[in-house]
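Participant: Could you look at this predicted model? Sequence included:
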Amino acid sequence: MEEKQPSRIEFLQGTLDILILRTLSSGRAHGHAIAKHIRSTSGDVFQVETGSLYPALHRLEAKGWIAASWDLSDKGKRARYYRLTALGKKHLTTEQTRWHAFSRAMGLVLNAAPEEAQ
Amino acid sequence: MTSLFRKLGWLLRRRSREEDLQAELRFHMEETAEEHRLKGASLQDAEHAARRDLGSIALVKENTRATWSWNWFEQFLQDFRYAVRTLIHNPVFTIMAALSLALGIGANTAIYSFLDALLLRSLPVFEPQRLAVLNWHNRWDHDTVFHGGSGNVYDDAKYGFTARIFPYPALEDFEKSQTVFSSLFAYLPTRNLNLTIHGQAEIDAGQYVSGDYFRGLGLNPAAGRFLTPQDDRAGAPPVLVSSFGFSRARFGSATAAVGQSILVNNIPFTVIGVAPPDFFGVDPAVAAEFYIPIHTNLLVDPNRFGEARRRYLNGNDYWIELMGRLRPGVSMTQAQSQLAIIFHTWAETTATTDAERTQLPELHLTNGGNGIDTLRRKYSQPFYLLFAMVGFVLAVACANIANLLLARASARRREIAVRVGLGAGRWRIIRQLLTESVVLALLGGVLGVLFALGGVGFLTARLANSGQGFPLRADLNWHVFGIALALSVGTGLLFGLAPALQAIRVDVVPALKGGRGGERRRRFVPFRLSHALVIAQIGLSMLLLAGAGLFVRTLSNLRAVNLGFNRENVLLFKLNARQAGHRDPEMTRFYGDLQQRFSGILGVRNATLSNSPLVGEGTWNAPVVPLGKPAPERAPNGHGSFGSTLGTHILTVGPEFFTTMQIPLVAGREFDERDRGDSVPVAIVNEAWARVNLGNENPLGQTIVLDPDSKTPLKMEVIGVAKNARYGDLKSEYPAVVYMAFLQNLYRPPEEATYALRSSGDPLALAAAVREIVHQADPRLPVTGMKTQSAMVDETMSAEMMFATLCTGFALLALTIACVGLYGTIAYTVARRTSEIGIRVALGARRTQVLWLVMRQVATMASIGMVLGVLAAFGLSRLIASLLYGVQANDPMTIGIAMGTLLVAVAAASYLPARGAARIEPMVALRQE
């Protein structure tokens, strides 16, 4: 009956957080736009579930990495816009470095010639 | 940190935040729907698709809300609000529970604050844990090197006769040989002295202290300087260190006091310094107003207990108290082993007979960090006892509330089942139920502290009334509040846990279906928690009732004690002419003249005087034997008769003493105007003395000898035999008393005189006339200790009276709480069994049978509880035996009365619900199903 399943959420958290921060680094956006942007830039690989998106946005806001304000959308509706804070920018930089290092290392291991491992 | 504040902010703007989230999600859905519509879906399909995409809105919201976090705190606030609402919904339950808890917690807090003041506070000195008090103990009470002295000797259960008074030469010997103390110092109370400042006299008590006293305690003066060893020697200029309070009261400030002059018993002293504000001396029982060197007693008190000068040389005269500061690294045990040898060797040199040599006292050290333990010895047992009692009361209250909560938890089974069904975790529910009980307990705790405030005031007033003066100021400090808080939360968890655990053992489906199912059914239920709680309450009440009975009987026994004199309509007061400057032989005449003038006051039937009041202040003791006979075997020598009936107690009394006090004479005459000055020395003996010393011989006309073994024995002729009367305490047997003539002044030279005036009306109405006469005779002479003889007798029982009152109060309190609990439990049981009883009645059970059905259960619980209570009472009552008088600790009658009281209360509490059960109408009961 418990509502949380920690291991899965934690994995998603880290990834989704960076995706959101990266998306916002090119300018402010509302939740729906963020999801759409992630989907399209990832070539429809990442389907961001709404059930994860909003908790993530609010969590990042609580950490002070992004800030929110109400504004009118292009179609004239009230929408909640998120933007990256200075703190968030710093965090994004470190995370990006870590991801690059990580994916480079993964690539090296995965691309290594099979006979060398023996 | 910033994130904490952000969350705190959100917490405050919770409502707008909820609306924001709602709006945000709506916007998202609209955007998604728009997307679908652009792809060509119909309006309705698009909306459906958007909803599908979003999933469960509630879940999204909940998950989002979870990131606002502070979940535990918010949940606590929720629980708290819910608990408060629930409590407000059940005002009767809440008020009863909170009140009984408040009484329990309040009583505990009040008693604890006394224990705190009595036992736990350290002296306000440097490293108090390194202070050690020197004591000696001796199995023998006669033929010992202790020939006499001044100070307390008491019979200790572990050590035998124990005291912390030493001869002065012992101090010099310790100083020469010991290496375990960095400082060793002596002190003794000055008793009341006449202090005159700028011509204004008042009576105050201080301490005689040796030169190393302040250095040894490691204190710094608030002003001026402290005494040094140079100040404490014969012939040194008399100097005085004032207490902080005294300097403020008499000189305006500490600095103003330094250098001022004070007349102490007409001897000029110079104030050289002031002690720190929080320092009261080393005995918490007596706050010292001033400190003067021990050797100044040569000037202030030259003739007290014989010649003061000789005391410094006499190795058998015990009068100074000793304390030492352990050197760093030296343990108490190491110090004791060295000092014990030194003292033993030294004491051996003071033995005057072989018997004394084989019965030497042994030295032991006690911790001095909390000061000396006069008060602790006197009050700690009573207060521990009271603490245990109030602990029991609190336990009863807890058991009671646990029971009420159990009943309520069963009633709330449905509510809890709903919450479990909706997915609440068990732990979450336990936490919520515990929050409720802790909130309840805290409510009780807050009320309890209020009760405690009143209780401390009441107790302090009662203790201060006890005449012996109770100097402790028990106040509600943080210690005490901490205890109250810990008690509240602790009891809350304690009585909340069982019901909470029981509550979550619920089968959801049957409970939701309603009716009486849903409780986890067990095939065989031999033991119910609620029954155990009721039994515990009855047992504890039984224990407390038995205890209360014993103290009430003790008090009534004390009240019924035959005093041997008539306490009604007698006014007592004291005068100390020596301190006002009078000297023998003029002083005795002065006292005698005053007595005659008092007897002339209108409304005074007789007036007399003596060197001590009859009860409440101890006795004078000295050996007196018939001429040519030895003292009775095993009679204690000298002062300090150790309460033996064989020692002789001496009271010097003026003319008309026996008429005034209405002590009947069996033979001969009482002292009159003839017995003064140089007339033949005379004495009156009481029957107890005659029986011990003369057997069946007629005492009248016999010659008896005071101090037969001294250089100056005194022969007296017995002119009268008096009936036995109390002298000293009320509890022991009648003492053997020799009355000597005050106006002959042949005993120790008197200091103060206690006057007794028998009046025809209210004795206190004579006060003004008495003061007027004294003022005319000598304006320097203050009248002190004015009170009636009955008040003085009552004061000696004040402790017992307080005990009896408090114990009875606590026992009734526990009984009331237990009865309320019993009533609740039975009423609840009946309610649960309504349908069963309905069926029984429908099948033909008679009302009395139903009544019996319920009462049988009560009877079972009551008898088990009572048996346990009586067993506990037998086991524990030995502990209070020393506080009882005239009644055995396992007195069957007292226990019988307690059982009777309990039975009546239990029957009354359970009869109402049982009768309710008997009146159940089968149709009504069955329709409920």
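Facilitator: On my side now, so go ahead. This one's a predicted model, so the numbers in the text were calculated from it and none came from an experiment.
Participant: List the buried residues of the one helix or strand A:L92 maps to.
Facilitator: Assigned by DSSP states H and E, A:L92 belongs to helix A:86-111. Buried positions in helix A:86-111, judged by neighbour count with 16 or more other C-beta atoms under 10 Å in any protein chain shown: A:G88, A:H91, A:L92. C-betas here are computed from N, CA, C, even on glycine.
Participant: I'd like these laid out as a markdown table, including distance to chain B.
Facilitator: Converted to a markdown table, the buried residues of helix A:86-111 look like this (distance: C-beta to the nearest C-beta, whole Å):
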| residue | distance to chain B |
| --- | --- |
| A:G88 | 13 |
| A:H91 | 13 |
| A:L92 | 18 |
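Participant: How far does the helix holding A:L92 sit from its chain's centre?
Facilitator: The chain centroid and the centroid of helix A:86-111 are separated by 13 Å, computed with C-alpha atoms, centre = their mean, to the nearest Å.
Participant: tally of neighbours for the closest residue to B:Q334 other than its chain neighbours?
Facilitator: Excluding the flanking residues, the one nearest B:Q334 by C-beta to C-beta, 6 or more residues apart in numbering or on different chains is B:V180, at 6.4 Å. When neighbours are counted by other C-beta atoms under 10 Å in any protein chain shown, B:V180 registers 22.
Participant: what do you get for B:A117?
Facilitator: B:A117 is flanked by 22 other residues according to other C-beta under 10 Å.
Participant: Quick check: it is in a helix.
Facilitator: Yes - secondary structure assignment (DSSP: H, G, I helix; E, B strand; the rest coil) places B:A117 inside a helix.
Participant: Show the pLDDT at it.
Facilitator: Model confidence at B:A117, given as pLDDT, is 76.
Participant: same check, this time on the one 3 residues further on
Facilitator: Predicted confidence (pLDDT) for B:L120: 70.
Participant: how deep is it tucked in, by neighbour count?
Facilitator: Taking other C-beta under 10 Å as the criterion, the count of residues near B:L120 is 10.
Participant: same deal with B:R65?
Facilitator: The local packing count at B:R65 equals 17, with neighbours defined by other C-beta under 10 Å.
Participant: Specify the local secondary structure of it.
Facilitator: Under three-state DSSP, the three-state class of B:R65 is helix.
Participant: That one: what's it in contact with?
Facilitator: Applying C-beta atoms under 8 Å, 6 or more residues apart in numbering or on different chains, we find B:R65 in contact with B:L21.
Participant: pLDDT wise, what is it at?
Facilitator: Reading off the confidence values, B:R65 has pLDDT 71.
Participant: give me every residue that touches the residue most central in space within chain A.
Facilitator: Most central residue of chain A, judged by C-alpha distance to the mean C-alpha position with C-alpha atoms, centre = their mean, is A:L19 at 2.3 Å. Under the criterion of C-beta under 8 Å, 6+ apart, the neighbours of A:L19 are A:I38, A:S42, A:F46, A:V48.
Participant: Just give the closest residue to B:I837, not the sequence neighbours.
Facilitator: If you skip the residues right next to it in sequence, B:I837 has B:I920 as its closest partner in space, 4.9 Å away by C-beta to C-beta, 6+ apart.
Participant: before we move on, what SS does the one you found have?
Facilitator: Three-state call for B:I920 (three-state DSSP): coil.
Participant: The residue nearest to B:Q334 touches B:S337, doesn't it?
Facilitator: No - between B:V180 and B:S337 no contact is recorded; they are 9.0 Å apart, counting by C-beta atoms under 8 Å.
Participant: helices or strands next to the biggest strand by length in chain B in the packing?
Facilitator: Scanning chain B for the strand with the most residues, using DSSP state E, yields strand B:181-197. Applying 3 or more C-beta pairs under 8 Å, 6 or more residues apart in numbering or on different chains; DSSP states H and E, we find strand B:181-197 packed against helix B:168-177, strand B:200-209, helix B:213-217, strand B:261-264, helix B:297-300, strand B:320-326.
Participant: And B:G549, which helix or strand is it part of?
Facilitator: With the criterion set as DSSP H and E, the secondary-structure element containing B:G549 is helix B:529-559.
Participant: Repeat that for B:R248.
Facilitator: Secondary structure here is read from DSSP H and E; on that basis B:R248 sits in helix B:244-251.
Participant: and residue 28, what is it in contact with?
Facilitator: All of this refers to chain A. For A:R28, the set of contacting residues under the criterion of C-beta under 8 Å, 6+ apart consists of A:Y81, A:Y82, A:R83.
Participant: Please refer instead to chain B.
Facilitator: The contact partners of B:H28, taken as C-beta under 8 Å, 6+ apart, are A:H30, A:G31, A:H32, A:T50, A:Y54, B:L54.
Participant: show me what contacts the third one?
Facilitator: In this case it means A:H32. Contacts here follow C-beta under 8 Å, 6+ apart; on that basis A:H32 touches A:A79, B:F27, B:H28, B:E31, B:T32.
Participant: what distance separates stretch B:106-125 from the centre of its chain?
Facilitator: Its chain's C-alpha centre lies 9 Å from the corresponding centre of stretch B:106-125 when counted by C-alpha atoms, centre = their mean.
Participant: Which positions in chain A make contact with chain B?
Facilitator: By C-beta under 8 Å from any C-beta of the partner chain, the part of chain A that sits against chain B consists of A:1-3, A:30-32, A:49-51, A:54-56, A:58-59, A:62-64, A:70, A:73, A:77-80.
Participant: if you set the cut-off to 10 Å instead, what comes out?
Facilitator: Residues of chain A lying close to chain B (C-beta under 10 Å from any C-beta of the partner chain) are A:1-4, A:9, A:30-33, A:35-36, A:47, A:49-64, A:68, A:70, A:73, A:75, A:77-80, A:87.
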